[in-house]
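>>> need coordinates for the below:
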Amino acid sequence: MGIKDIERKKILVIGDIMLDIYYEGDIERISPEAPVPVFKYKSERYVPGGAANVAANLIAAGQDVSVLSIVGEDSNGLKLLETLASMGVNTDMILKTDRPTTSKTRFLANNNQQVMRSDTERVEDLSETVEESIIDTMRYGLGNFDIVVISDYKKGLLTKRITQSAIKLAGEKGIRVIADIKDNGGGKYNGVYLLKPNRKELSELTGKKLDSDEDVEKAARELMDEVSCEYVLVTLGAQGMMLVGRDEINSIPTYSREVFDVTGAGDTAIAYLAASLANCIEIKEAMRIANIASGIEVGKVGTSQVSIDEVQAFLDDDSVTIDCAGKLHHRNDALDLRNRLKGKTVVFTNGCFDILHVGHVRYLYEARKLGDVLIVGINSDASVKRLKGDTRPINGLNDRMEVLAALSCVDYVIPFEDDTPYDLIADIQPDYLVKGGDYCPEDVVGKDIVEEKGGEVVIIPLVAGKSSTALICKLDL
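Take a look at the predicted model:
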């Protein structure tokens, strides 16, 4: 069994949920009041963090997800609940308390440079009254899940009593529990099915220096014996992962070719591990899927979710590199992608790209020279058929996307279902809108959107005699 066998399962995430807030702006002067920079606010965005990011990645993996946690009775708590609900996460088991919602506010200036971070949190353990409310919620709501994921960020929710209650109640119902662990004070994780520390956390948990694979294996076995779990999965950053079981050890290298940001990689890994195990995929294959997903995640900018289609694109063909898989996005990723590319000069073009030829390649390389990022919108199969006739496309959407993504000049590929990319352009808000020489600037779809924000429509000359239609006619297709 593999990722193609993953179906929608009911998964519960228990852990510290957070709201990541990004304020974006510019710093152009020093305050006359004190020798500090003046941050000129331009926009803001909100992203689920901590255990909420685990839930978001499970949604991206096509799962039915519920979260058990707490938020404060404040605006950040409301925003976090709204954000999770909009993704399709069930928030019925999230309790409101008098503690502030854990949040991290980052100030990004001048091409997404982080200049300051402000945290709001209370990390002391919950009161006995709140503990009891959470345990009651678990007691009455835990029975219909296929797997439970514990995501511990040491923000006070996962007391020993709550953690042990979750493990015990799940065990009574035959539900496996896997945990992303930060501490094991007093043996609070005893009886869990699998623990997932990273190298630094494993070192801190065992008090051992981990300079070699042998050191990692010995420490993992020590932790496994201490907690009485079946497996310890250690994430090792650029060195991949090591899975240690009672009578086995498996190591796999990382699949990432280029690391942009490691934020959230562990969340992605445990989300895909949980989705795989909930679908009864064998543990070694589940580890491989989790490793691929986290490899895709670190190839993105900022806290991001990895779709099951991105993982599938890698696994469908061994020739697909992780770089290509990380370039493939869903239509509904467009707004998030735009937010993550703030400060960069974005170039957009679109087409069917049914049979990629030298004219396309030269055109795309010229387009990429205009900015920092080239996003290519590509017509869906149904859209191509409406535009070109019932015999088209020759190549299906997934093949067309993968071929485009293999070009070094292409940074992202996004499909669209409509006959034109107007709505996609509205979401992307590119600085340059590029089309081939068979277009007049006045006829380019999205021209109004781009020029309204001060952008530019650019027409790149065609390569004479090179077109998909000519090739198809030549082949008599």
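>>> alpha carbons of stretch 411-421, as CSV, please.
C-alpha atoms of stretch 411-421 as CSV (Å, rounded to 0.1, in the frame of the first residue of the first chain):
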residue,chain,number,x,y,z
ASP,A,411,8.9,28.8,-10.3
TYR,A,412,5.3,27.8,-9.8
VAL,A,413,2.6,26.2,-12.0
ILE,A,414,-1.1,26.6,-11.2
PRO,A,415,-4.0,25.1,-13.2
PHE,A,416,-7.3,27.0,-13.8
GLU,A,417,-10.7,25.7,-14.9
ASP,A,418,-12.1,28.8,-16.6
ASP,A,419,-11.5,29.6,-20.2
THR,A,420,-9.4,32.6,-19.2
PRO,A,421,-7.1,33.2,-16.2
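>>> mind listing what's buried along it?
411-416, 421 (16 or more other C-beta atoms under 10 Å). For every residue, glycine as well, the C-beta is placed using N, CA and C.
>>> which residues are in contact with it?
Applying C-beta atoms under 8 Å, 6 or more residues apart in numbering, the contact partners of stretch 411-421 are 327-331, 333-334, 337, 348, 350, 368, 373-380, 382-383, 386-387, 397, 401, 404-405, 423-424, 445-446.
>>> from the residues you listed, which would you call buried?
327-329, 333-334, 337, 348, 350, 368, 373-380, 383, 397, 401, 404-405, 424, 445-446.
>>> buried residues in stretch 236-245?
For stretch 236-245, by 16+ other C-beta under 10 Å, it's 236-237, 240-245.
>>> quick one: contacts of it?
Taking C-beta under 8 Å, 6+ apart as the rule, stretch 236-245 contacts 198-199, 213, 216-217, 220-221, 224, 230-235, 249-254, 256, 259, 262, 269, 283-284, 287, 290-291.
>>> again, only using 7 Å
Applying C-beta atoms under 7 Å, 6 or more residues apart in numbering, the set of residues contacting stretch 236-245 from outside is 199, 213, 216-217, 220-221, 224, 230-235, 249-254, 283-284, 287, 291.
>>> thinking again about what came up before, restricted to helices, list the contacts of stretch 411-421.
327, 334, 337, 368, 382-383, 386-387, 397, 401, 404-405, 423-424 (DSSP state H).
>>> what is the nearest of the residues you listed to Val47?
Set against Val47, the nearest of the ones in helices among the contacts of stretch 411-421 by C-beta to C-beta is Leu337 (12.9 Å).
>>> residue contacts, that closest one?
Counted by C-beta under 7 Å, 6+ apart, Leu337 has contacts 329, 412.
>>> returning to that earlier point: pLDDT added to the buried residues of stretch 411-421, as JSON lines?
What follows is those, written out as JSON lines (pLDDT from 0 to 100):
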{"residue": "Asp411", "pLDDT": "88"}
{"residue": "Tyr412", "pLDDT": "89"}
{"residue": "Val413", "pLDDT": "91"}
{"residue": "Ile414", "pLDDT": "92"}
{"residue": "Pro415", "pLDDT": "91"}
{"residue": "Phe416", "pLDDT": "93"}
{"residue": "Pro421", "pLDDT": "95"}
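>>> could you look up the SS state of Glu44?
strand (DSSP: H, G, I helix; E, B strand; the rest coil).
>>> burial of it, as a residue count?
13 (other C-beta atoms under 10 Å).
>>> nearest residue to it in space, please, no chain neighbours.
Tyr23 (5.2 Å; C-beta to C-beta, 6 or more residues apart in numbering).
>>> and that neighbour, helix, strand or coil?
On the three-state scheme (three-state DSSP), Tyr23 is labelled strand.
>>> and the residue nearest the centre of this structure?
Most central in the chain under C-alpha atoms, centre = their mean is Gln305, positioned 1.5 Å from the mean C-alpha point.
>>> quick check: Arg400 touching Phe353?
Yes: contact criterion C-beta atoms under 7 Å: Arg400 and Phe353 qualify, at 5.3 Å.
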